[in-house]
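[1] 3D, please:
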Amino acid sequence: MGGRETILVVEDDARVQSTVVAMLTALSYSVLKADDAGQALTVIRSGVHIDLLFTDVVMPGALRSPEMARQATQLRLHLKVLFTSGYTQNAIVHGGRLDAGVELLSKPYSREELAHKLRDSLGTPGGTIPATADGSDAAQADGAPLLIKALRVLVIEDDAASLDAVCETLQMLGHGPAKAANATQAIERLRTDK
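    Residues are numbered from 1 along each chain as shown. The predicted model follows:
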């Protein structure tokens with residue numbers, strides 16, 4: 001779990017941004033958001049306290065994420081930066097290695113992976129992650145903790161971009177999605193994936 005830290009999430013995909021904000025809020029962080037690098041710098045220049053900048057490496061617009069992060073850390077010397085990317089080769093990986101001082105969380109990631117990487121980046125330990133997705137203390141009738149089980153989810157969608165986005169979101173939430181572009185593929189997946 002987080003402490004009293006504030007995280008600025010910079011993500012241009014509204015669905016991914018919404019999911020990440022929900023995950024961070026459930027982990028007890030204060031969350032600010034920006035849709036692109038320019039908006040992120042505006043938030044940083046506003047003077048609001050931010051402990052960590054969590055940004056996608058690949059962002060639309062003239063200002064690229066690595067340059068935005070460089071400017072942000074010049075404005076706020078204490079600011080930590082955590083990049084995320086679904087691509088293995090990008091602007092912050094050179095010769096198979098990250099630039100010095102750069103942290104990267106590869107997509108897709110689970111809530112637990114995100115939580116651990118944030119604590120590593122912030123440099124302080126956090127509390128135990130609660131068993132429920134909403135952060136409440138749930139228990140079974142016998143008082144034992146109620147644990148959330150990862151689900152296998154068959155996602156049927158004919159739009160490839162939407163299919164990928166939904167599956168990525170499910171993976172980020174710790175579930176195992178299976179893809180099908182139509183009903184025929186879905187039936188075949190159900191027959192073969194027991």
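[2] is it true that R45 touches Q74?
    No: between R45 and Q74 no contact is recorded; they are 11.3 Å apart, counting by CB atoms under 8 Å. All C-beta spots, glycine's among them, are computed from the backbone N, C-alpha and C.
[3] of the two, who's got more company?
    Higher neighbour count among R45 and Q74: R45, with 12 against 9, using other CB atoms under 10 Å.
[4] Show the contacting residues for that one.
    Contacts for R45 were tallied using CB atoms under 8 Å, 6 or more residues apart in numbering; they are L75.
[5] pLDDT score for it?
    On pLDDT, R45 comes in at 93.
[6] distance of it from Q71?
    In this structure, R45 and Q71 are separated by 9 Å, where distance is defined by CB to CB, to the nearest Å.
[7] for A34, phi and psi?
    Listed backbone geometry of A34 is phi -140, psi 150, with angles given as degrees, to the nearest 10.
[8] ditto for S28
    On the backbone of S28 - angles per degrees, to the nearest 10 - the values are phi 80, psi 20.
[9] ok, now M68?
    phi -60, psi -40.
[10] Apart from its neighbours in sequence, what residue is nearest it?
    Nearest residue to M68, sequence neighbours excluded (CB to CB, 6 or more residues apart in numbering): A37, at 3.7 Å.
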